[in-house]
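>>> Make a model of this:
(4 chains)
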Protein chains: 2
Amino acid sequence: MTNLTLKQLRYFEALARHGHFGRAADACAISQPALSMQIKELEELLDTELFERSARQVRLTAFGEEFALRVRTILRSVDELTDLARASRGRLVGRLRLGVIPTIAPYLLPAVIGNLNRLYDGLEIHVRETLTSKLVQELADGRIDAAIVALPVSEPFLCEVALFAEDFVLIRPGEDEGKPVPDRETLRGMRLLLLEEGHCFREQALSYCDIHSARPRELLDGSSLATLVQMVGVGIGVTLIPEMAVGVETRCASVSVARFNSPRPSRTVGMIWRKTSPLAKQLLQVAEVVRQSGDALRA
Amino acid sequence: MTNLTLKQLRYFEALARHGHFGRAADACAISQPALSMQIKELEELLDTELFERSARQVRLTAFGEEFALRVRTILRSVDELTDLARASRGRLVGRLRLGVIPTIAPYLLPAVIGNLNRLYDGLEIHVRETLTSKLVQELADGRIDAAIVALPVSEPFLCEVALFAEDFVLIRPGEDEGKPVPDRETLRGMRLLLLEEGHCFREQALSYCDIHSARPRELLDGSSLATLVQMVGVGIGVTLIPEMAVGVETRCASVSVARFNSPRPSRTVGMIWRKTSPLAKQLLQVAEVVRQSGDALRA
DNA sequence: GGTTGGTCATAAGCCGTGCTTATCATTGCA
DNA sequence: TGCAATGATAAGCACGGCTTATGACCAACC
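Next up, the predicted model:
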């Protein structure tokens, strides 16, 4: 027993509209017998007569009328499917689930989201802010489409594109303004405030100071860069923050900002997504938007 | 270029649900390659990727999600089509357009409509009350489904079923009560009030009196049996009415009812519909309802 | 690091469906 | 009664879609 076919519904609709087998068949660009057979098949399938055939006329039965109403709705919905596909082809559509690490999100996201909204009308942007390792897991699980993180991540199933390099700056109490900038050895002797375990930014900072995680030091852990800067402001120690955070975080704090002499600490900000993602092309566009947003932010 | 198929949508839905080609294929009772091919075809048709295939998982893309929502709605609607057909198979459904002649309608319809409504839940009954000739035309045009008329109609494209025979009774002024019932000759000498031209009941009465329409007589034409009875009540003449009208029409009139000796005038009430009507089976049921209603009315 | 199991894609072959043209049956009309 | 119109039926053919068999790829696991 064969099933209902869209073709049958299309033929039916044509016959309902024309009330004439020959003309309906023409409209469907098939021969009259082909249409007759499909209609017959449809009626047998439903075990109901849809048309009343008299010598001169083909008329819908009462049930046929009801049927036709529903069929027209269905055919319209089906046509909308292909329209939907055509409209969204090659463009970002629907929903973009973006992961961002905490040391990037507050600074970069406002600009990125603004630009994406301007570029992709109607795009729904979900943001997930958490540590890199969790973002990687969520990418693997398909819970997010892409993530903005510090590279490298080096997951074999991920593809990563570098967007821009970004220096770290030293935040000291306001009264240190103008004092010589410490080098790495000097820095190691200072009370360095860092984010808690798990933040890549923490590892990057430690790595610059040549402090290995294997060799624990007494460090005050703050939950965010903002907290760290505030703590510096009241004289508890010094900290590093990425360039993009300077504007936001030092505006209302009595701290001084100092750039390191080379070698300068830095990180590479980039985007990652599953190699298998069919959004690859669109994500490259998104990456470009992020890059520009980042450039504008540091300028 | 081939078109979208319901089959493809069904396979797509299965794959979306199972996230696994093999299991989805099982669910569809086909082989895995068959499903793969149809999905591929669908994606090529839409020129969009619906699924993200990685080694371990098959996941919907964002567009696929949106697509799946719509597809599920469509498939539900399509399934409803066959449900609708099954539910209405062999039963009267939707709308019944019934024509009735004026000398039957007021007496028979209340009972008929009540019984039909009780029997066919949700049936929408349209009634058209007019002369037989117009009803026949409306049947031909497909504007009504069946008609209750006096037989015979003898139209070759119509099928007719007799429901019951019904005598005509004589309506005389109240003071004639008990007087001998006139025979046909006597009747011809009386002032006989009849409906206007076109009513079959008029022809039947004339025919009983052996007055042929070719031989015009001065007759007062009333627009309805009720009018005629009222006129009889004020002494203008006598009239004939069908048995089923007696209860309603003589209740509030000072007239006397007399039954003829044989040969008694009578008519055959029946139902007619197009021979081509697919409602034939159901209309036979309706006819049975009408017959019972008529029997109850005359009892 | 080869091997194995799992998974989806591809290939080859076959069967059935649906199309075409040709023809028939019916009916309304001249 | 014969003709024109219309839908149904028949025969034949071609293509689409299914099956089984096999390939490609990747992950996981000794």
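>>> Spell out which residues of the stretch 51-200 of chain A are next to chain B.
Those residues of the stretch 51-200 of chain A that sit near chain B, judged by CB under 8 Å from any CB of the partner chain, are A:52-54, A:57, A:59, A:61-63, A:65-67, A:70-71, A:73-74, A:77-78, A:80-82, A:84-86, A:88-89, A:93-96, A:142, A:145, A:157. Where C-beta positions appear, they are placed from N, C-alpha and C, glycine not excepted.
>>> Go back to those and keep what's next to DNA strand C.
Contacts with DNA strand C within those, as defined by CB under 7 Å from any atom of the strand: A:Ser54.
>>> Out of the residues of the stretch 51-200 of chain A next to chain B, which end up buried?
Among these, those classed as buried by 16 or more other CB atoms under 10 Å in any protein chain shown are A:52, A:59, A:61-63, A:66-67, A:71, A:74, A:78, A:81, A:84-85, A:88, A:93-94, A:96, A:142, A:145.
>>> Alpha carbons only: can I get the helix or strand containing A:Gln137 in PDB?
Using DSSP states H and E, A:Gln137 falls within helix A:132-140. Included here for helix A:132-140 are C-alpha records, laid out as PDB according to Å, rounded to 0.1, in the frame of the first residue of the first chain:
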ATOM      1  CA  THR A 132      37.700  27.700  27.400                       C
ATOM      2  CA  SER A 133      37.600  24.100  28.400                       C
ATOM      3  CA  LYS A 134      33.800  24.200  28.900                       C
ATOM      4  CA  LEU A 135      33.300  26.000  25.600                       C
ATOM      5  CA  VAL A 136      35.300  23.300  23.900                       C
ATOM      6  CA  GLN A 137      33.000  20.700  25.400                       C
ATOM      7  CA  GLU A 138      29.900  22.600  24.400                       C
ATOM      8  CA  LEU A 139      31.200  22.900  20.900                       C
ATOM      9  CA  ALA A 140      31.700  19.100  20.900                       C
END
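>>> For it, give the mean pLDDT please.
Mean per-residue pLDDT for helix A:132-140: 87.
>>> what's the neighbour count on A:Ala253?
17 (other CB atoms under 10 Å in any protein chain shown).
>>> How much space separates the nearest residue to it once chain neighbours are set aside from A:Phe168?
With sequence-adjacent residues excluded and distances taken as CB to CB, 6 or more residues apart in numbering or on different chains, A:Ala253 is closest to A:Gly233, at 4.3 Å. Separation of A:Gly233 from A:Phe168 (CB to CB, to the nearest Å) stands at 18 Å.
>>> now A:Leu98
Taking CB to CB, one finds A:Leu98 at 24 Å from A:Phe168.
>>> Ok, A:Asp145 next?
Separation of A:Asp145 from A:Phe168 (CB to CB) stands at 29 Å.
>>> wait, isn't A:Val255 in contact with A:Met231?
No. The criterion here is CB atoms under 8 Å, and A:Val255 misses it with A:Met231 at 9.8 Å.
>>> who's more crowded, the two?
Applying other CB under 10 Å to A:Val255 and A:Met231 shows that A:Val255 carries more neighbours, namely 27 against 20.
>>> before we move on, back to that, between A:Leu98 and A:Phe168, which has more neighbouring residues?
A:Leu98 (25 against 21).
>>> May I ask you to confirm that that one belongs to a strand?
Yes. Under DSSP: H, G, I helix; E, B strand; the rest coil, A:Leu98 falls within a strand.
>>> Look up which residues are beta-bridged to it.
In this entry, A:Leu98 is beta-bridged to A:Val127, A:Ala146, by DSSP bridges.
>>> nearest spatial neighbour of A:Pro242, skipping sequence neighbours?
A:Pro242's closest residue in space is A:Glu166 (CB to CB, 6+ apart), at 5.3 Å.
>>> And the helices in chain A, which stretches?
Using DSSP state H, the helices found in chain A span residues A:6-18, A:21-27, A:32-46, A:62-88, A:105-119, A:132-140, A:184-189, A:200-208, A:225-233, A:243-250, A:280-298.
>>> Quick one: closest of those helices to B:Gly19.
Ranking those by proximity to B:Gly19 (CB to CB) places helix A:132-140 first, at 14.7 Å.
>>> Hey, what's the angle from the closest one to helix A:200-208? Just curious.
130 degrees (axes from the mean of the first three to the mean of the last three CA atoms, to 10 degrees).
>>> Check which helices and strands helix A:132-140 is in contact with.
strand A:95-100, strand A:146-151, strand A:266-274 (3 or more CB pairs under 8 Å, 6 or more residues apart in numbering or on different chains; DSSP states H and E).
>>> What angle do strand A:146-151 and that helix make with each other?
Put simply, helix A:132-140 runs at 150 degrees to strand A:146-151, going by the same axes, to 10 degrees.
>>> Around DNA strand D, pick out the residues from chain A.
A:20-22, A:32-33, A:36-37, A:39-40, A:53, A:56, A:58, A:156-157.
>>> one more time with 6 Å, if that's ok
A:20-22, A:33, A:36-37, A:40, A:53, A:58, A:157 (CB under 6 Å from any atom of the strand).
>>> and the closest residue to A:Val248 other than its chain neighbours, how many residues sit next to it?
Excluding its sequence neighbours, the residue lying closest to A:Val248 (CB to CB, 6+ apart) is A:Tyr107, at 5.9 Å. The burial count assigned to A:Tyr107 is 24, neighbours taken as other CB under 10 Å.
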